[in-house]
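J.: Predicted model follows, preceded by the sequence.
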Amino acid sequence: MKHLVAYITSGFPEKSFTIDLALALSQNGVDTLELGVPFSDPVADGPLIEKANHKALELGFSFADILEISEKIAPDVDTLWMGYFNSFYQQNFEKLIPLAHSLGVNGLIIPDLPHEEALRYQDLFTQNQMANINFVAPTDTQERIESIVANAQKFIYMVAYTGITGSGVQEDLQPFLASIKKYTQTPVYVGFGVNQKTARQKVQGADGVIVGSAFIEILLNESLNLSQKINRCCELAKILKNEINH
């Protein structure tokens, strides 16, 4: 069974909604939840997620909110925090990782922390049974791919951006996937540009997909009330889970 990871922006449109949505998604096909930590300059994210980040901050999101959300959902949902290093560093990283583990969080995804710099925190993650999810991109050399995946835990985040996201271009990701899998047994999940139209094609040869913007687009739809947003997100999750497993 291939794995579905869903990204949602914490605290958008409100904290209690994030908790309700997370629990509902876990019952409708989502295996792992990426709880996004709102940040003012989310450089690795597209315009939809950037907009949701800004709206969450405008609504008063604070880091304490993600702690409260995680406390409610992490015992029942495989939970990761996705955010930018500055957000975590300001919380005292050495204390934050043990705290995250105590809440039931299983790892972090930090797109602006290069692998080489992340190595200095490897012991901290290991001691607290937390994964620091590694990114591999098509621009990485074979040597760098081998280095990045050597100690990869939980899964490897494969950045599939050799085309223009949303253009509908059919990409052949197989050579890139093969170049990763020859060095590791860790599952490889495909992210960037994955939605219900592209999921079946992008998951070929991979072990799962990571979907963010497709869920955030629903959350940004102001014509829907909160319960409708949850229902639409759950419908999407079921469609995606079906697509990647057929």
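T.: Yep, that arrived.

J.: Tell me if I'm right that Met130 and Leu96 touch.
T.: No. At 10.2 Å, Met130 does not count as touching Leu96 under the criterion of C-beta atoms under 8 Å. No exception for glycine: its C-beta is placed from N, CA and C like everyone else's.

J.: what comes up buried for the one helix or strand in the chain whose mean pLDDT sits lowest?
T.: One helix or strand of the chain scores below all others by mean pLDDT, DSSP states H and E: helix 47-58, with a mean of 90. By neighbour count on 16 or more other C-beta atoms under 10 Å, the buried set for helix 47-58 is 48-57.

J.: Which positions in stretch 72-90 come out as buried?
T.: Residues of stretch 72-90 classed as buried by neighbour count (16+ other C-beta under 10 Å): 72-74, 77-85, 87-88.

J.: Reformat these as a markdown table; add distance to Tyr161 and pLDDT.
T.: Listed next are those as a markdown table, based on distance: C-beta to C-beta, whole Å; pLDDT from 0 to 100:
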| residue | distance to Tyr161 | pLDDT |
| --- | --- | --- |
| Lys72 | 34 | 98 |
| Ile73 | 29 | 98 |
| Ala74 | 30 | 98 |
| Val77 | 28 | 97 |
| Asp78 | 25 | 98 |
| Thr79 | 26 | 98 |
| Leu80 | 21 | 98 |
| Trp81 | 23 | 98 |
| Met82 | 17 | 96 |
| Gly83 | 20 | 95 |
| Tyr84 | 18 | 93 |
| Phe85 | 21 | 95 |
| Ser87 | 23 | 94 |
| Phe88 | 24 | 96 |
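
J.: From those, which land in strands?
T.: Mapping the buried residues of stretch 72-90 onto strands (DSSP state E) picks out 78-82.

J.: just curious, which of those residues is nearest to Thr9?
T.: Nearest to Thr9, judged by C-beta to C-beta, of those is Met82 at 9.4 Å.

J.: returning to what we had before: relative to the whole chain's centre, how far out is the least confident helix or strand of the chain?
T.: 16 Å (C-alpha atoms, centre = their mean, to the nearest Å).
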